[in-house]
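**Student:** Here's my sequence, what's the structure:
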Amino acid sequence: MQKRRIGSVLVANRGEIAERVIRTLRRLGVRSVAVYSHADRHLPYISAADAAYLLSNPQMSSASSDTYLQQEMILDIARRAKVDAIHPGYGFLSENASFAARCEAAGFIFIGPQPASITAMGSKSGAKQLLSSPPYAGKVPLIPGYNGADQSLETLEKQVLNVGFPLLIKAAAGGGGKGMRIVHDPAEVASELASAKREAKAAFGDDTVLLERYFDTVKHIEIQIFGDSHGNVIHLFERDCSVQRRYQKIIEETPSPVLDDALRNSIAEAAVTIGKAINYRGAGTVEFIFDQKERKFYFLEVNTRLQVEHPITECITGLDLVELQVRVAEGFSLAELGVTQSSVTRTGHAIECRLYCEDPCTEQFLPSVGLLEWFKLPQGIQGARYDTGVTSGSEISMFYDPMVGKIICHAPNRSSAIAKMIRILSEMVVYGPSLKTNQQFLIDLLRHPLFAQGVYTTHLIKDHIPLASRLQLAKGQRQQNDAERVGAVVATLLLWHLRRQSQSLLKHVHPGYHNNPPAVSSRRPFQNLLLSDHEQPVRVEYTYVKPTHAELQREYSSSTQSNSFTVSVFGVESQASLTVEEGAITTNDHGNHMGRVAAVVDGVHRVFDVLVAPTQVYIHSTELGSHLLRILPRLSSVADTDREEKGNGVYKASMAGKVSRIAVQPGASVKVGSLLFVMESMKMETKILAQEEGTVASVAVKEGQIVQDGELLLVVTPSTPTSK
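**Tutor:** Coordinates of the predicted model:
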């Protein structure tokens, strides 16, 4: 086979995967070209590329369907940029056989499988049809289901009767949990089919779905395969991807803690057999479900692309899968690259955690959008790797998946890898004024007994950490080690320090100095703060402790400022001090103060990352986690504090997104649980249900309208007046 050298590559993707591919291209000396939407114009991958081309302008939508899914637009940029090849990353067009064929027809090398392989296995329904036909029929265990071409709702509803319940509806053209629904009630089939097809169309441009019998207690095991154009296919071991929410993976590890060598070899052999059957080229993943009780596995699907979780395979094998993709696309055989089944070995244990901007304290882990003001990753930890597509100052957009990045660690064994990952997540600083993340929830998952034992299933979160448990975990984390009280103390002293720094008069006079003794008074200075678990503000009183003459002399001769106080929170008196090195607190581009300080509270010394905005204080320490406190006027009374009224029939958007469906009109009667709206954000649909019985008074939006977080959607007049 004639080889074609690749000297330049267009990366037809965005965010962390674009930046990760570009990193390898730079190391190989290959010119990289990126594409970006208007919403992504400030992301770091654009600067990492040798050139970047805009896919949209401010007047155009930045939605995937108008940008990263526009085949002709991307091919036109490839022509203008004069590249040799196109790398699709994952998602978007990576499993689109038509796009792969158009790339080849236009003279570009498609860094991925051949179009025929994508057609055969890229579609979940196509894969099942192939494997249920000779010569493969009966050789690969398949899940009962329907994968036919007739996609009419009438046919699908009839096929449901053959498949049975519980039922799994899946988008045939993609993954990542998009277009996936589990149905237990036959009455919900029609609405869930319609919803899944809409979501699949928005995410993949194809609303084809397949139906499968749903298994409740299984593990999700996948095999990384790699093939070349010379008929060779090998496996690079397995990944256990069973920790999922919304049917989407959030923690992956390799090797799987429940497979013995015999079973591991059997699953890997099945995966390689499937790869060889379709002359597979490049990186691919064969997914299985594994019944721990029966010790049996069933074929699930093939992802004909690089997987999100590929870094953990790279960690244990020492291979760069993107480099292999490029070299195989050039025409090299795996043997020529020194990669054969016998040469591939694994070392140690690797874990990947997906850091998302989302709220674990909501039933559906609602996405969170807005400014990521501060993003700091721990440095100097051996075996740590960070694949991220954002930096401090980036915007988390409503148009795309809310993943901030992937946190990867590699260690000699599983227990060491878990401990290392917890340490990394504990040190990480992630702050945005309106953002919520799953940072602490990932730590909670890693500490869960079932995860520690390795016997967790895809229902770990659903069955063992439901919403009520997540709320309790979050509250407990804030209160452990007296973290909430310590956070209030540090916030108060920090605000005092900043006021002291900003004073323009008598700056040389030390706090607490008086020409005459002050009048006796029981009043002390105080700071009003609103903590996470409190509807009422907390009054933090403090008394400045005047330093001795020797302490004053030391401070005047040092660049470090250290001040001591007696502080009262929740009626508990503490001795506390705050130490701030010169230059440790700076002002960022948003005019907010941020930096690192040391505090001693009741004799315990800790270091805190802090950020002070006009109305918020963010405090983070490795031991106590993150705390966000609302600053209230120092002279206002508790009774004057504004509090949001809830349960009054007013419905506002809980996130930025598109109103994809309005289920009611003014005058309609609703009951508790009635569907009001369907919102679409970050390629995910969220249903908004009525919280009270009543009549729809007004609808403030239209279908297809883009709304912002907090924007009014609808007003319901309750049948019974809401008590206040």
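**Student:** Number of residues surrounding L530?
**Tutor:** 18 (other Cβ atoms under 10 Å). For every residue, glycine as well, the C-beta is placed using N, CA and C.
**Student:** give the contact list for it.
**Tutor:** L530 makes contacts with 537-538, 629-630, 632, 641, as judged by Cβ atoms under 8 Å, 6 or more residues apart in numbering.
**Student:** ok, now R213?
**Tutor:** Per Cβ under 8 Å, 6+ apart, neighbours of R213: 143-145, 163-164, 166-168.
**Student:** So which of those residues are in helices?
**Tutor:** V163 (DSSP state H).
**Student:** Identify the residue with the minimum pLDDT among the contacts of R213.
**Tutor:** Across the contacts of R213, the bottom pLDDT score, 81, is held by P144.
**Student:** So that residue sits against V163, correct?
**Tutor:** Yes: counting by Cβ atoms under 8 Å, P144 does reach V163; the two are 6.2 Å apart.
**Student:** residue ranges with poor pLDDT in the protein?
**Tutor:** 122-125, 175-176, 478-479, 481, 504-523, 532-536, 547-560, 634-647, 682-683, 720-724 (pLDDT under 70).
**Student:** Select the longest strand from it.
**Tutor:** strand 233-245 (DSSP state E).
**Student:** Partner strands of that one, with direction?
**Tutor:** strand 219-227 (antiparallel), strand 248-254 (antiparallel) (DSSP bridges).
**Student:** Please dump those into TSV; it should also carry mean neighbour count and distance to C357 for every row.
**Tutor:** As requested, the strands paired with strand 233-245 are exported to TSV (neighbours: other Cβ atoms under 10 Å; distance: least, Cβ to Cβ, whole Å):
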stretch	mean neighbour count	distance to C357
strand 219-227	24	24
strand 248-254	24	13
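**Student:** Output those strands as TSV; include the columns distance to Y280.
**Tutor:** Converted to TSV, the strands paired with strand 233-245 look like this (distance: least, Cβ to Cβ, whole Å):
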stretch	distance to Y280
strand 219-227	4
strand 248-254	20
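**Student:** quick one, which of those is nearest to I274?
**Tutor:** strand 219-227 (8.0 Å; Cβ to Cβ).
**Student:** ok now the closest one, how far from the chain's centre?
**Tutor:** Distance, stretch centre to chain centre, for strand 219-227: 22 Å (Cα atoms, centre = their mean, to the nearest Å).
**Student:** Do a quick rundown of the strands in the stretch 451-600 of the chain.
**Tutor:** 526-530, 538-545, 561-569, 572-580, 585-587, 593-601 (DSSP state E, counting those that start in this stretch).
**Student:** Show me which residues of the fifth one are buried.
**Tutor:** Just to be clear, that refers to strand 585-587. I585 (16 or more other Cβ atoms under 10 Å).
**Student:** And the third one, by the same measure?
**Tutor:** Judged by neighbour count (16+ other Cβ under 10 Å), strand 561-569 contains these buried residues: 561-565, 567-569.
**Student:** Can you dump the C-alpha atoms of stretch 290-305 in CSV for me?
**Tutor:** Output of stretch 290-305 as CSV, limited to C-alpha atoms (Å, rounded to 0.1, in the frame of the first residue of the first chain):
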residue,chain,number,x,y,z
PHE,A,290,-21.4,-7.4,31.7
ASP,A,291,-23.7,-9.2,34.1
GLN,A,292,-21.7,-9.7,37.3
LYS,A,293,-24.0,-12.3,38.7
GLU,A,294,-24.1,-14.5,35.6
ARG,A,295,-20.5,-13.6,34.6
LYS,A,296,-21.8,-13.1,31.0
PHE,A,297,-21.3,-10.3,28.5
TYR,A,298,-23.4,-9.0,25.7
PHE,A,299,-22.4,-6.9,22.7
LEU,A,300,-23.7,-3.3,23.0
GLU,A,301,-22.3,-1.2,20.2
VAL,A,302,-19.1,0.0,18.4
ASN,A,303,-18.0,3.6,18.5
THR,A,304,-16.0,4.2,15.3
ARG,A,305,-13.9,7.0,16.7
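**Student:** can you tell me which residues contact R26?
**Tutor:** 32, 48.
**Student:** what comes up buried for whichever strand or helix holds it?
**Tutor:** Secondary structure from DSSP states H and E places R26 in helix 15-28. Residues of helix 15-28 classed as buried: 15-25, 28 (neighbour count, 16+ other Cβ under 10 Å).
**Student:** just stretch 130-149 next, same as before
**Tutor:** 130-131, 140, 142-143, 145-147.
**Student:** Kindly report the same for stretch 446-454.
**Tutor:** 446, 448, 451.
**Student:** Pretty sure the first one sits against V243.
**Tutor:** No: because the distance of 9.2 Å does not satisfy Cβ under 8 Å, L446 is recorded as not touching V243.
**Student:** Common neighbours of the two, please.
**Tutor:** If you check L446 and V243 against Cβ under 8 Å, 6+ apart, the residues they both contact are I251.
**Student:** In space, not sequence, find me the middle residue of this protein.
**Tutor:** When Cα atoms, centre = their mean is applied to the chain, the residue found nearest the centroid is Y356 (2.2 Å).
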